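Participant: Provided below for reference: sequence and predicted model.
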4 protein chains.
Amino acid sequence: MTRLNARAKPVRAPVQARSANTVEAIFQATVQVLIQLGIKQLTTTKVADRAGVSVGTLYQYFPNKEALLCAALERHLNAVVSAVEAACSALKGQSIDVMSETLVSAFMQAKLGAPDASKALYVVAQELASADVVALMTQRSQLALCDMLATASDATFNDLRVVSYMLSTALVGPVQGLLHTEVPPEFVQQVKAQLVGMTAAYLKQARSSPLTAAVRHARAEQVSLPN
Amino acid sequence: MTRLNARAKPVRAPVQARSANTVEAIFQATVQVLIQLGIKQLTTTKVADRAGVSVGTLYQYFPNKEALLCAALERHLNAVVSAVEAACSALKGQSIDVMSETLVSAFMQAKLGAPDASKALYVVAQELASADVVALMTQRSQLALCDMLATASDATFNDLRVVSYMLSTALVGPVQGLLHTEVPPEFVQQVKAQLVGMTAAYLKQARSSPLTAAVRHARAEQVSLPN
Amino acid sequence: MTRLNARAKPVRAPVQARSANTVEAIFQATVQVLIQLGIKQLTTTKVADRAGVSVGTLYQYFPNKEALLCAALERHLNAVVSAVEAACSALKGQSIDVMSETLVSAFMQAKLGAPDASKALYVVAQELASADVVALMTQRSQLALCDMLATASDATFNDLRVVSYMLSTALVGPVQGLLHTEVPPEFVQQVKAQLVGMTAAYLKQARSSPLTAAVRHARAEQVSLPN
Amino acid sequence: MTRLNARAKPVRAPVQARSANTVEAIFQATVQVLIQLGIKQLTTTKVADRAGVSVGTLYQYFPNKEALLCAALERHLNAVVSAVEAACSALKGQSIDVMSETLVSAFMQAKLGAPDASKALYVVAQELASADVVALMTQRSQLALCDMLATASDATFNDLRVVSYMLSTALVGPVQGLLHTEVPPEFVQQVKAQLVGMTAAYLKQARSSPLTAAVRHARAEQVSLPN
DNA sequence: CATGAATGAGGTTTCATTCAT
DNA sequence: TATGAATGAAACCTCATTCAT
């Protein structure tokens, strides 16, 4: 919610070798503190301590707390988005069903691979919602989805923008929801199956030329709508 | 992210009429400050000022800042959830298509009716994610969905819990996404249509006795897949 | 040297009675700390401590350190400038000699009355040189001098602006110099005498038509000096 | 205002040619940073950056920040004082009028030649007021003035110390004042003329035996004033 | 009940200085 | 000698909360 978009990646370029280590340690410490204490109790001092460096060092690489969080978020989002991009790229030319299955798998694996981090950084994403990072990542995801969907072997879409928007936003909720309460593993599997089903079902009904399908559907409507 | 769940509704019961006004003013002020400044810059003093009362007065109705935010969030969520509950209640016995259409309508109207408040309070919800309020509201929504889906005229579901979980979580993302960037009204309409379609498509493929449906579906697949 | 001109008098208006006391205490503490430790070692905490209040209280009346110093400086300068204004006002219609004598007296008394404060705040004035306070005070002094000089009984001046500029700036150095090194009282008296002499001599040679004026002056001297 | 007088010239003697360049670069960088950012924002790192060296190098030539500023100030003051000394030396045996004219010229030229530096370093001088540098420079100026005044062709002075003190302190204000506000060139010329006039007038009235001298002078005035 | 002045712990950030490379 | 990463004390400032009026 911060108004001024954090000047994104102000990570002072590490000239010497040890710098890289330091930056890496700070990143990990940030996520750890975020997980253990939450964003409200995260302080730059705590992060520095956890990273085994002094506050001063932290500030040599990140101009301020917001930039630190922004960079940490970016790193995390980048991992998730990259996974999505990779999946999309590999899925070109496949059918809707294959796409749905693989995409959901990749997405869930990426998010649930480090569930604590995902959970903790989601809050950061909300606070930095107006920041460029989030917008950019969202764009990248939707672009990848567009590119993939355009090549679907069994469908063409009128407005890819809307469809990719739907997909990228609708998948988040169900997966994110799994992070907030202790759920049994089988519930996770059920959700995954439902997500694949939902994705496939949505994409099929969103195809542009649902020719015969549309006709049958229309008839079905006439029958079912007597109210 | 704060660990200690704010003892939920510590709002001293407004015994007098004047008190009711004061509390109301404080609630509105909270949302306004949240919208204008964001959660990071929201202070109890600013809220009190905006509400036209002194900090002391604010603390007479809310034991601490977290309780204030919690109550404000609860109020907002309650409106949305109530709209969903009402819709669900009215939709009992209807078909999947009607349910989808009306449910999405009700949900979007509730969320987009006060977009700024929705956006601002969403961040609060994240920060208080572990708090009871959010969990309770989620439960209420899913319960209402369960009750409604159980009466669908054209479907029965094996695991209503999973389906209602899917619905309640999947709808949020696409609608929330509309709040973060300036989007043209027609995009909102497109998203709504897609959301209706997605909901209906999902529910249809999720019904337990895909008897006739499954058959028709299978045929459709055979026809549509060769391309 | 600070670029952004301190938003001068942001002293939150004291609504209650005790506020006035608090502000007064803070002002005095500021000067005391300034005298004892100098500007480099002056911290808001030290000032608050010395004033017997908490830092928070200090910041309720002054938005930041610069504003505090600015206000303290203004207060001091105002005393000096007011003394000059009063003297100028009382001296209207007098001769150059009388003006010189009285003006220098008033100025020195004002500055040397609280020598430590004068010395300490002079440094502040330098650091805030670009701020409005200093400029305004300078203007007030020169304006008062202009008004006075315009009424001199034994002189008229072509460019009052330049003359008043000269006077107001030239007097400062010799008096300020007395503050920096331990000087014997008789040296102070000598400087005062010299300053009176210099002022009178300067004004006489600066008058526009020293011809007839000089004659009248000479006569006037003979008459007025017997005392 | 710092109590501990910076151990004056701790500038490691630049034994090699390279060193001399480095020190020179650091000096210039100091003044530049001072001009652009002011003393409050001057940091050793910024100075080093500007000088094109590392902080470590800076600290090899100056034991600490104060010594750096002290040395920079000394350098600047030395230029001004040297100009005054040279002028005084060359003016021996001259008349008051010639002395006034030339002295003021030399002083103004020295100060206004690099107005930004003069302005910026003046603040430094204030902060280091108690340091030896400033005192020494002041002494040198006054000594030079004493030596010169003692040889005036048309005057003798009772207390040269007081007179030279007056001159050296009174000239600063009017010239310094020109640095703080944007003034038109003609105002500078006016001030210069007034300063010459003031100096001459002061010195004349400060002569010990103004008896015969005054008479001669009066005559000269009558002759020279017809314009 | 309302007020708002006071509190002070604690968070963010800076920067002079050091020292291993 | 030069470098620049690292240090950490200390400064500035905020704000949730209390309590005398």
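Facilitator: Everything's here; your move. Numbering: from 1, shown residues only, chains lettered A, B, ... in the order given.

Participant: so which residues of chain A form strands?
Facilitator: Here chain A has no strands by DSSP state E.

Participant: so which bits of chain A are right by DNA strand E?
Facilitator: Counting by CB under 7 Å from any atom of the strand, chain A comes close to DNA strand E at A:41-45, A:55-56, A:59-60, A:63-66. In short, each C-beta sits where N, CA and C put it, glycine included.

Participant: what's the PyMOL syntax to select whichever of these are buried?
Facilitator: PyMOL command restricting the residues of chain A next to DNA strand E to the buried ones, with burial defined by 16 or more other CB atoms under 10 Å in any protein chain shown:
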select buried, chain A and resi 42+44+59+60+65+66
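
Participant: just the residues of chain A next to DNA strand E that are near DNA strand F?
Facilitator: Counting by CB under 7 Å from any atom of the strand, A:55-56, A:59-60 from those sit close to DNA strand F.

Participant: including distance to residue B:115 and pLDDT, could those go into JSON lines?
Facilitator: Listed next are those as JSON lines, based on distance: CB to CB, whole Å; pLDDT from 0 to 100:
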{"residue": "A:55", "distance to residue B:115": "39", "pLDDT": "97"}
{"residue": "A:56", "distance to residue B:115": "43", "pLDDT": "97"}
{"residue": "A:59", "distance to residue B:115": "37", "pLDDT": "97"}
{"residue": "A:60", "distance to residue B:115": "41", "pLDDT": "96"}
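
Participant: quick check, nearest of those residues to residue B:199?
Facilitator: Within these, proximity to residue B:199 (CB to CB) peaks at residue A:59, which comes in at 48.7 Å.

Participant: where does chain A dip in pLDDT?
Facilitator: A:1-18, A:209-227 (pLDDT under 70).

Participant: circling back to that earlier point, mark which of the ones next to DNA strand F among the residues of chain A next to DNA strand E are part of helices, please.
Facilitator: The helices, defined by DSSP state H, take in A:55-56, A:59-60 from these.

Participant: of all pairs in the residues of chain A next to DNA strand E, which one spans the longest distance?
Facilitator: A:41 and A:60 (23.7 Å).

Participant: grab the longest helix from chain A for me.
Facilitator: Every helix in chain A considered (DSSP H), the longest is helix A:65-90.

Participant: what packs against that one?
Facilitator: When contacts are defined as 3 or more CB pairs under 8 Å, 6 or more residues apart in numbering or on different chains; DSSP states H and E, helix A:65-90 packs onto helix A:17-37, helix A:44-51, helix A:96-113, helix A:115-127, helix A:132-149.

Participant: pull out the buried positions in it.
Facilitator: A:65-77, A:79-81, A:83-85, A:87-88.

Participant: so chain A: which segments form each domain?
Facilitator: Domain ranges of chain A: A:2-66, A:74-224, per automatic domain parsing.

Participant: quick check, central residue of chain A?
Facilitator: residue A:80 (5.3 Å; CA atoms, centre = their mean).

Participant: now it: how far from residue A:107?
Facilitator: 8 Å (CB to CB, to the nearest Å).

Participant: hmm, back to that, any chance of the helices and strands packed on helix A:65-90 in a markdown table with distance to residue B:103 as columns?
Facilitator: Converted to a markdown table, those look like this (distance: least, CB to CB, whole Å):
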| stretch | distance to residue B:103 |
| --- | --- |
| helix A:17-37 | 35 |
| helix A:44-51 | 44 |
| helix A:96-113 | 23 |
| helix A:115-127 | 25 |
| helix A:132-149 | 25 |
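
Participant: quick check: the residue of chain A nearest DNA strand F.
Facilitator: Nearest residue of chain A to DNA strand F: residue A:56, at 1.7 Å (CB to the nearest atom of the strand).

Participant: just say which of the domains of chain A is most tucked in.
Facilitator: Mean neighbour count (mean count of other CB atoms under 10 Å in any protein chain shown) peaks for domain A:74-224 among those, with a mean of 18.

Participant: quick one: that domain to chain centroid distance?
Facilitator: Remark: domain A:74-224 is offset 9 Å from the chain centroid, using CA atoms, centre = their mean, to the nearest Å.

Participant: and it, anywhere near DNA strand F?
Facilitator: No - Domain A:74-224 is not in contact with DNA strand F by CB under 7 Å from any atom of the strand; minimum separation 13.9 Å.

Participant: circling back to that earlier point, what's the angle from the longest helix of chain A to helix A:44-51?
Facilitator: Using axes from the mean of the first three to the mean of the last three CA atoms, to 10 degrees, the inter-axis angle of helix A:65-90 relative to helix A:44-51 is 60 degrees.

Participant: what angle do helix A:65-90 and helix A:132-149 make?
Facilitator: Going by the same axes, to 10 degrees, helix A:65-90 makes 0 degrees with helix A:132-149.

Participant: helix A:65-90: how far from the chain's middle?
Facilitator: Helix A:65-90 sits 7 Å away from the centroid of its parent chain (CA atoms, centre = their mean).

Participant: check contacts around the nearest residue to residue A:72 once chain neighbours are set aside.
Facilitator: Nearest in space to residue A:72, with sequence neighbours left out and distances taken as CB to CB, 6 or more residues apart in numbering or on different chains, is residue A:30 at 4.4 Å. Each residue near residue A:30 by CB atoms under 8 Å, 6 or more residues apart in numbering or on different chains is listed here: A:42, A:47, A:51, A:68-69, A:72.

Participant: need the max-distance pair from those residues.
Facilitator: Greatest spatial distance in the contacts of residue A:30: A:51 and A:69, 14.3 Å, computed using CB to CB.

Participant: about what we covered before: dump the ones next to DNA strand F among the residues of chain A next to DNA strand E to CSV, plus distance to chain B.
Facilitator: Formatted as CSV, these follow (distance: CB to the nearest CB, whole Å):
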residue, distance to chain B
A:55, 20
A:56, 24
A:59, 19
A:60, 24
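
Participant: could you dump the contacts of residue A:30 into CSV with distance to residue A:117 added?
Facilitator: Below are the contacts of residue A:30 laid out as CSV (distance: CB to CB, whole Å):
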residue, distance to residue A:117
A:42, 13
A:47, 14
A:51, 16
A:68, 15
A:69, 13
A:72, 9
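
Participant: for residue C:93, state which of the residues you listed is nearest.
Facilitator: Nearest to residue C:93 among these, with distances taken as CB to CB, is residue A:68, at 69.7 Å.

Participant: quick check on the closest residue in space to the closest one that isn't next to it in sequence: phi, psi?
Facilitator: Leaving aside its chain neighbours, residue A:68 sits nearest to residue A:62 (4.1 Å; criterion: CB to CB, 6+ apart). When quoted as degrees, to the nearest 10, the phi and psi of residue A:62 stand at phi -130, psi 120.

Participant: wait, residue A:62 touches residue A:22, no?
Facilitator: No - applying CB atoms under 8 Å as the test, residue A:62 and residue A:22 come out as separate, 11.1 Å apart.
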